[in-house]
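need coordinates for the below:
(one chain, ligands or ions: 2)
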Amino acid sequence: MEFEFELSQRFFFDAAHTLRRAHDTASSLRVHGHTYHAEVSVQGARDAATGMVVDLAVLRAEIETLRQTLDHHLLDEVPGLGTPTLENLCAYIATALRERQLPVSAVRVWREAGGDSCRLVLPR
Ligand SMILES: Nc1nc2c(c(=O)[nH]1)N=C([C@H](O)[C@H](O)COP(=O)(O)OP(=O)(O)OP(=O)(O)O)CN2
Ligand SMILES: [Zn+2]
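Ligands and ions are numbered 1, 2, ... in the order given. As a prediction, this is how the structure comes out:
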């Protein structure tokens with residue numbers, strides 16, 4: 001029987017943004033920062049030779065490359081992100097890593113301070 005595994009790695013980044021929205025706009029409109037936390041999950045069967053779904057060192061290296069496009073950036077100006085919401089951050093991270101041929105199954109992004117969290121589950 002072939003098992004399916006899910007590996008996950010976490011990272012964080014500090015970034016600024018503004019957020020235009022109908023509700024409670026004053027503070028959100030000013031440029032301000034957050035510490036964002038993210039967790040990327042990859043899913044699949046083991047490679048018979050390596051016993052791995054994907055080498056965690058490879059995943060970590062790809063995440064670090066991606067992280068550099070977000071950390072200490074003004075998210076409003078990050079190409080391809082769109083409005084800097086948690087949803088768009090999840091989609092941005094998932095898209096970037098899938099483009100690197102990683103079998104991403106889910107991405108979660110959250111902010112500890114306000115308790116906000118968003119999880120994106122991708123179809124297989
Ligand atoms: N569907 C979504 N709704 C909202 C999002 C989101 O990402 N998806 N984000 C926000 C705000 O960014 C969030 O409420 C935090 O408020 P913000 O003005 O950005 O910063 P604060 O300092 O007020 O929040 P802290 O988390 O306490 O730093 C709203 N809706
Ligand atoms: Zn904010």
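
packing partners for the helix or strand of the chain with the lowest mean pLDDT?
Across the helices and strands of the chain, mean confidence by mean pLDDT, DSSP states H and E is lowest for helix 25-29: a mean of 80. Contact partners of helix 25-29 among helices and strands, from 3 or more Cβ pairs under 8 Å, 6 or more residues apart in numbering; DSSP states H and E: none. C-beta here means a position set from N, CA and C on the backbone, and glycine is covered the same way.

now do that helix: distance to the chain's middle.
Average the C-alpha atoms of helix 25-29, do the same for its chain, and the two points are 24 Å apart (Cα atoms, centre = their mean, to the nearest Å).

output that helix as CSV, nothing but the C-alphas.
Listed next in CSV are the C-alpha coordinates belonging to helix 25-29 (Å, rounded to 0.1, in the frame of the first residue of the first chain):
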residue,chain,number,x,y,z
THR,A,25,-10.5,52.3,7.5
ALA,A,26,-8.5,55.0,9.3
SER,A,27,-5.7,52.9,10.9
SER,A,28,-5.6,50.5,8.0
LEU,A,29,-5.0,53.2,5.4
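
quick one: strands adjacent to the helix or strand that it is followed by?
Counting by DSSP states H and E, the next helix or strand C-terminal to helix 25-29 is strand 32-44. If you go by DSSP bridges, strand 32-44 pairs up with strand 5-17 (antiparallel), strand 104-111 (antiparallel).
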